[in-house]
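# Just a sequence and a predicted model for now, questions to come.
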Amino acid sequence: MKKIFIAVGLLLLVAIISISFGYSGNLFSGALRNIFQPQKNPVFIKNEIQNITPVYKISSSFFTGDQRVQDVLNGKSYDMDSMQYAIGIPGKTLNKKEFGYKIMSALKMLGYNTSQGNLVSGGKPHILVINQFQKRNGLTVFNFVDASFIEHLDGQVGLKEKEEMKYKDLFPLYNTIQRDENDVSKEHIAKIYSMVYQVLPKALALSTAESYKACFLIQCGIDFYNKAANTFTNLKIFDVSAFLMNDTVELKDYVHEYGHYIDGLLFSKDSAYPKRGMIDTRGFYSISFNDDGNVHLKPNPDNGVPNCFQKKTGDPYEFITDYAASPSAFDTCPQGWNRYAEDFAESFSSYILQGENFRDAAKVNGKIKGKYDWLKNNVFEGIEYNTDLMAASASGCNDIPLLSGNKPGYLKCQEDYVWDGEIKKLVFRYVFFIPQIL
């Protein structure tokens, strides 16, 4: 009897517990169901939820609405080595319809050297650059653009777009810019055209639509400004090559041309063209070219080339770049003479974009120091720049394969360079009366 009472008591206890936890059904089935039916492990449920692949939402305007991007996010991959990049093929240009070109444009916007390895290092720019991006972001390093690649690239491009939105207002000809669908954004193009003027002395900077147009029409971009249509074609002057030029070299070329535009020995002043010929450069040219004692430089009277001046020496190290010393691609001057204007334009652009390199060169060459100091005092109102942007091979860089014998080697081509998108002024702070660069 005692055993019967114990059994009944246990059954009642089970029933009470079952009712307390809200289970329905008869006394025995509810109890048995809760005792013997296995429940899902809460950790397993959590893992199931974590293993569901979320649908990535595109954040950048650059990639929004591109079905090819969605295809990659949905599991397809794009082989960058399949794109028709046409490197080194005469008469061929970039195929801007390729998805790979859009990927390269995005990387260009992020400051990557999209022309690295072209014809010099013997590599494939499109492969070298995506591999560099993959390594920097901890991704699988191969020739393919996959979902992870797109997610990282899109996120970074979205942030860059926010940074560059201000150039829509800073470039007064923004609405005239024309671009192909896979080119860099209009804001990025506006940045390349206008950012340098944000860091120049006010008297030297272009600011109005008319001042920009004057510069483009005369010197700064004749090949990509359509006067009749009042429109720009995205850096058309650089599209003739079989690789996508990187930002730093494009910017260098653009600032170089502005240096020509303000050169008072190359152009006369004219109120119809603001800033044209505004700098009296005779003192600058007298550093490396002969004069008659009155700082009046003498052109070659015999060969009919008005821009050839006689150099004082044949030393290539007194010029900041090889192109400044001897612009051989366009040089029709006789031996010992030179196209003088390239010296100022190269020095002007290097002062802004390779300020650190220029100062280092000034430490080892007196003529270079003379030019740097002249620019600092007569053009830039004492402003200096904390910059070391990548240069092109015409600079005489000797830090990449096959160019080790180049002169003067002051600037660097550093093919794996990634630009932060800034032109920084040189700012000092003083610690115990000792200046330190910020």
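Thanks, I have the structure now.
# Low-confidence ranges, the stretch 1-150 of the chain, go.
For the stretch 1-150 of the chain, the stretches flagged by pLDDT under 70 are 1-54, 83-93, 118-123.
# Which parts of it are strands?
78-79, 144-145 (DSSP state E, counting those that start in this stretch).
# For the first one, name the packing helices and strands.
Okay, so that is strand 78-79. Helices and strands touching strand 78-79, by 3 or more CB pairs under 8 Å, 6 or more residues apart in numbering; DSSP states H and E, are helix 99-109, strand 144-145. C-beta here means a position set from N, CA and C on the backbone, and glycine is covered the same way.
# Ala209 contacts Pro172, doesn't it?
Yes. Counting by CB atoms under 8 Å, Pro172 is a contact partner of Ala209 at 4.0 Å.
# And these two? Which one has more around it.
Pro172 (18 against 14; other CB atoms under 10 Å).
# now the more buried one: how far from Asp416?
Pro172 is 36 Å from Asp416, where distance means CB to CB, to the nearest Å.
# got the strands of the stretch 1-150 of the chain as TSV, with mean neighbour count and distance to Lys97 columns?
TSV is the format used below for the strands of the stretch 1-150 of the chain (neighbours: other CB atoms under 10 Å; distance: least, CB to CB, whole Å):
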stretch	mean neighbour count	distance to Lys97
strand 78-79	16	14
strand 144-145	20	16
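# Could you dump the ones you listed into TSV and include distance to Asn398?
Listed next are the strands of the stretch 1-150 of the chain as TSV, based on distance: least, CB to CB, whole Å:
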stretch	distance to Asn398
strand 78-79	35
strand 144-145	34
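# so where's the stretch 151-300 of the chain shaky on pLDDT?
Low-confidence segments of the stretch 151-300 of the chain, defined by pLDDT under 70, span residues 222-243, 292-300.
# can you list contacts of stretch 404-414?
In this structure, residues lying in contact with stretch 404-414 by CB atoms under 8 Å, 6 or more residues apart in numbering are 316-317, 319-322, 325, 350, 354, 357-358, 360-361, 368, 388, 390-393, 395-400, 403.
# and these, which are buried?
The neighbour count (16 or more other CB atoms under 10 Å) marks 316-317, 319-322, 325, 350, 354, 357-358, 361, 368, 388, 390-393, 395-398, 400, 403 as buried among the contacts of stretch 404-414.
# So the spatially most central residue of the chain versus Gly221, what's the distance?
Taking CA atoms, centre = their mean, the centroid of the chain lies closest to Gly111, which sits 3.0 Å from it. Distance from Gly111 to Gly221, counting by CB to CB: 22 Å.
# give me the low-pLDDT residue ranges for the stretch 301-438 of the chain?
301-306, 327-332, 428-438.
# mind listing the helices in it by residue range?
Taking DSSP state H, counting those that start in this stretch, the helices of the stretch 301-438 of the chain run over residues 322-325, 341-353, 355-362, 366-378.
# quick one: which of the ones you listed is nearest His256?
His256 sits nearest to helix 341-353 of all the helices of the stretch 301-438 of the chain, at 4.4 Å, using CB to CB.
# Give me the domain ranges for this structure.
By the assignment in automatic domain parsing, the chain contains the domains 2-50, 67-164, 209-437.
# quick revisit: now, the buried ones among the contacts of stretch 404-414 that are in strands?
Secondary structure assignment (DSSP state E) places none of the buried ones among the contacts of stretch 404-414 within strands.
# In this structure Ile320 contacts Ser350, no?
Yes. With contact defined as CB under 8 Å, Ile320 reaches Ser350; the gap is 4.8 Å.
# which residues are in contact with both of these two?
Both Ile320 and Ser350 are contacted by Phe358, Leu411, under the criterion CB under 8 Å, 6+ apart.
# picking up where we left off before, which among the strands of the stretch 1-150 of the chain is found nearest to Val255?
Each of these has some distance to Val255 by CB to CB; the shortest is strand 144-145, at 32.8 Å.
# buried sites along stretch 162-178?
For stretch 162-178, a neighbour-count test (16+ other CB under 10 Å) marks Glu164, Tyr167, Lys168, Leu170, Phe171, Pro172, Leu173, Tyr174, Thr176, Ile177 as buried.
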